[in-house]
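# give me coordinates for this.
(chains A and B)
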Amino acid sequence: RKEVEQDPGPFNVPEGATVAFNCTYSNSASQSFFWYRQDCRKEPKLLMSVYSSGNEDGRFTAQLNRASQYISLLIRDSKLSDSATYLCVVNRTDSWGKLQFGAGTQVVVTP
Amino acid sequence: EAGVTQFPSHSVIEKGQTVTLRCDPISGHDNLYWYRRVMGKEIKFLLHFVKESKQDESGMPNNRFLAERTGGTYSTLKVQPAELEDSGVYFCASSPEVKTTYEQYFGPGTRLTVT
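From the prediction side, this is the model:
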């Protein structure tokens, strides 16, 4: 079983709509959680960290559910520029430098 | 501030040849990481340097891969001899300070094709 699992999508979203997707992680020792964004043939870039109480950054909202071991990302008022692959990333305390990536969820925002 | 840089951006080599990838982290970043993404798979960790020391090399696939970071600045990743399954995108990342992974800054990657 993969440590981090994501629905690959694609999620086709009309411009202005809301889209949400989840990621599950298998290791309860996971301690830090992130969403990275990766554009086609580019490097991953940190979108936001995910905190236990949930957090918001503009149109993006991240939630963490430790009991069920999943993380979610919600994008409101989608823009064409939000089209990308969103990578769920976790980090364990016993290997603090080692990020574990999901395979990514592709989001396509259409006009 | 300059970001993480990697060289070359692309490399095409034949099976059995040797390739050396280079990564220059953001200046002052003690932590340097190598990751790899093979076709259709997720990005996977290879190893982590803290300054010039290997903190974690649990992701190195086999002894054909050798990573170095002499002097704690840039790093090289050598693949010798290369096999077909080594094809993929090799990312380098760096982060400041010891014992923090709040953000790893990724380089643009080296796309390696082994034919």
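# by mean pLDDT, flag the weakest helix or strand of the chain.
As the question left the chain open, I've gone with chain A. Of all helical and strand segments in chain A, the minimum by mean pLDDT, DSSP states H and E falls on strand A:95-101, at a mean of 86.
# wait, chain B was what I had in mind.
Within chain B, no helix or strand scores below strand B:53-56, which has a mean of 92 by mean pLDDT, DSSP H and E.
# identify the residues contacting stretch B:61-72?
Outside of stretch B:61-72, the residues that reach it under the criterion Cβ atoms under 8 Å, 6 or more residues apart in numbering or on different chains are B:30, B:32, B:34, B:46-47, B:49, B:51-52, B:54, B:57, B:60, B:75-83, B:86. C-beta: built from backbone N, CA, C; applies to glycine.
# filter the residues you listed by proximity to chain A?
The overlap between the contacts of stretch B:61-72 and the neighbours of chain A (Cβ under 8 Å from any Cβ of the partner chain) is empty.
# quick one: buried ones out of those residues?
Buried members of the contacts of stretch B:61-72, scored by 16 or more other Cβ atoms under 10 Å in any protein chain shown, are B:D30, B:L32, B:W34, B:L46, B:L47, B:F49, B:M60, B:S75, B:L77, B:V79, B:A82, B:D86.
# among the contacts of stretch B:61-72, which ones are in strands?
Per DSSP state E, strands hold the following members of these: B:L32, B:W34, B:L46, B:L47, B:F49, B:K54, B:S75, B:T76, B:L77, B:K78, B:V79.
# for the second one, which non-adjacent residue is spatially closest?
Using Cβ to Cβ, 6 or more residues apart in numbering or on different chains and skipping the chain neighbours, the partner closest in space to B:W34 is B:L46 (4.1 Å).
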